[in-house]
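> sequence first, then the predicted structure, then my questions.
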Amino acid sequence: MQEAFAKAAQRWPRDGQPPNPGAWLTITARNHAIDCLRRDRTLAEKTRLLDVPEAVEDEKDEMDAPSFRDERLELIFTCCHPSLAPEAQVALTLRALGGLTTEEIARAFLVSDETMKRRLSRAKRKIRDAGIPFRVPAEHVLPERLAAVLAVVYLIYNEGYAGRFDLASEALRLGTALAELMPDEPEVHGLMALMLLDDARRDARFADGELVLLSDQDRSRWDEAKLARGRGALDRAFALHGRGVYVVQAAIASLHTEEPRDWAQIAGLYGELFHLTGSAIVELNRAIAVAEVEGAGQGLVLVDAIDLDGYQYFHSTRADLLRRLGRANEARTEYARALELARTEPERQFLERRLEEVRT
Amino acid sequence: MKYLLQIYPDASRDAFERLSADERQAIVEEYAAIGQLPEVIGGEQLQPIETATTVRVRDGRMLLTDGPFVDAKEHLGGYGVVEVNDLDAALEIAARIPAARMGGAVEVRPLVER
């Protein structure tokens, strides 16, 4: 769970996604693969549901809607069962619900086909041998099981932004299906909102391969339709009295798309998120928001109370606040440290530029 | 399906030691109650690890060592065997075992059924 917040919280207002490597693979909706699922309820049959054929004949487009939907929900809860390793959950979900081939998933996660094949086989064997049920979990465990499913979808979405493969679209597709299948779960709409609001700004994130900060982004390149859908999903979540981690993150994301930004509310929401997660990275982002409201000095006080030494964005944040306070030497040290830790070219270039600016 | 629940109490025994006599008795009764569940078809508490002897046979000779098989911090404190429909049911029983919430853990593994 912490990992997901690390990735999510760091994105606001820092936009550091490398450009997509190009649409070398078009993901077509492979839901017709799921059409071929057996309706038989024995466990042996159920585990074969995960043996989605590699080459699927588009035999029929119409599906028996109600039972089709049942199977998809049961399938995703099975794939995301907590007794499976997280990477297995992700791989299974992409295979069984996304209909991706083993090779596509392997490429997305930078492992060999063999490794991914083994990962999937091992997971399927565990489902069968350990008796993982093919079922929507019982009421009393549903909240944590749903959290596991949402975490998998969100992980897939974030992997999409690692630029290795366009998994972000896959995650959006999965999220949409979940929203259809569980329309009364606010966190499901919260996650959908979060992904849509982020995805809407994808095109504006880079200009000539260079990273563009949120405040400098060309808003005309934002996808208004996606923003609207995102806000709609957020409204639905609020209407269902949602106040969980995804709803709060989506609320923050929504506020970030407004001009001028309500930093006080953003800071408040990060505070709420911190209560829910205890994540130091969330606290870091809260400090950034507080700096906007109460000044860089107050922001720095909060940042200095956080122990995130070795975390790139901790150093770049400190650097930025020190720069704003006119403490150029200290700012340079922190920018240099952040530069050491930077992992992508756009981020490196951004930090190098900042370092230059502070030198002068 | 049948599952073996291997109970590993917290090695430090901190949580247990901090309990009053009454609370400890309550824990004992909790274990007894779990043992009475219809799904639980077997189970025992083991005597402390100091009472263990490990047996190996090599080249026809019996080799004995004082102590457990694995020299770990945590050792098996007891076990339960349950017969349930699926893993979730077994996990639910495992989660009720006091050791699981008192710093220890319960390993749940299906039996080979012949």
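Perfect, thanks for sending it.
> pLDDT on the host helix or strand of residue B:79, on average?
Residue B:79 belongs to strand B:78-83 when assigned by DSSP states H and E. When pLDDT is averaged over strand B:78-83, the result is 97.
> tell me which strands it pairs with, and in which orientation.
Partners of strand B:78-83 in the sheet, by DSSP bridges, are strand B:2-8 (antiparallel), strand B:40-45 (antiparallel).
> which residues does residue B:45 contact?
Residue B:45 sits next to B:31, B:77-78 when contact means CB atoms under 8 Å, 6 or more residues apart in numbering or on different chains. Any C-beta I mention is one placed from the backbone N, CA and C, and that applies to glycine too.
> list buried residues within those residues.
B:31, B:77-78 (16 or more other CB atoms under 10 Å in any protein chain shown).
> thinking again about what came up before, want to try a markdown table for the strands paired with strand B:78-83, with mean pLDDT as columns?
Formatted as a markdown table, the strands paired with strand B:78-83 follow (pLDDT from 0 to 100):
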| stretch | mean pLDDT |
| --- | --- |
| strand B:2-8 | 97 |
| strand B:40-45 | 96 |
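> deepest-packed of those, please.
Neighbour counts (mean count of other CB atoms under 10 Å in any protein chain shown) averaged over each of these peak at strand B:2-8, with a mean of 20.
> for whichever residue of chain B sits closest to chain A, grab phi and psi.
Among all residues of chain B, residue B:86 sits closest to chain A, at 3.8 Å; criterion: CB to the nearest CB. Main-chain dihedrals, residue B:86, degrees, to the nearest 10: phi -160, psi 180.
> wait, isn't it in contact with residue A:133?
Yes: the pair residue B:86 and residue A:133 qualifies as a contact (CB atoms under 8 Å) at a distance of 3.8 Å.
> which one's more surrounded, the two?
Neighbour count, other CB atoms under 10 Å in any protein chain shown: between residue B:86 and residue A:133, residue A:133 has more, with 19 against 16.
> wait, a helix at that one?
No: read with DSSP: H, G, I helix; E, B strand; the rest coil, residue A:133 is coil and lies in no helix.
> any stretches of chain A with poor pLDDT?
Within chain A, the segments meeting pLDDT under 70 span A:1-70, A:160-165, A:206-215, A:360.
> the residue in the stretch 101-250 of chain A that chain B sits nearest to and residue B:92: what is the separation?
Proximity to chain B, evaluated over the stretch 101-250 of chain A using CB to the nearest CB, is greatest for residue A:133 at 3.8 Å. With distances taken as CB to CB, to the nearest Å, residue A:133 is found 12 Å from residue B:92.
> okay, buried residues for the lowest-mean-pLDDT helix or strand in chain B please.
Among the helices and strands of chain B, helix B:14-17 carries the lowest confidence by mean pLDDT, DSSP states H and E, at a mean of 81. The neighbour-count check on helix B:14-17 (16+ other CB under 10 Å) flags B:15-16 as buried.
> so which bits of the next helix or strand after that helix are buried?
Once the chain leaves helix B:14-17, the next helix or strand it forms, by DSSP H and E, is helix B:21-35. Neighbour-count burial for helix B:21-35 flags B:31, B:34 (criterion: 16+ other CB under 10 Å).
> next, the angle from helix B:21-35 to strand B:78-83.
Per axes from the mean of the first three to the mean of the last three CA atoms, to 10 degrees, the angle that helix B:21-35 makes with strand B:78-83 is 30 degrees.
> report the distance from helix B:21-35 to the chain centre.
15 Å (CA atoms, centre = their mean, to the nearest Å).
> residues in contact with that helix?
By CB under 8 Å, 6+ apart, helix B:21-35 touches B:16, B:19, B:40, B:43, B:45, B:78, B:80, B:93, B:96-98.
> now for residue 110, how many residues are close by?
You didn't pick a chain, so chain A it is. By the criterion of other CB under 10 Å, residue A:110 has 11 neighbours.
> oops, I was thinking of chain B
Neighbours of residue B:110 using other CB under 10 Å come to 14.
> what's the answer for residue B:114, then?
Neighbours of residue B:114 (other CB under 10 Å): 3.
> please report how far it lies from residue A:259.
Taking CB to CB, one finds residue B:114 at 70 Å from residue A:259.
> what does residue A:196 give?
Counting by CB to CB, the gap from residue A:196 to residue A:259 is 19 Å.
> what's the answer for residue A:296, then?
From residue A:296 to residue A:259 the distance is 21 Å (CB to CB).
> which bits of the stretch 101-250 of chain A sit near chain B?
Within the stretch 101-250 of chain A, the positions near chain B by CB under 8 Å from any CB of the partner chain are A:129-133, A:135, A:137-138, A:141.
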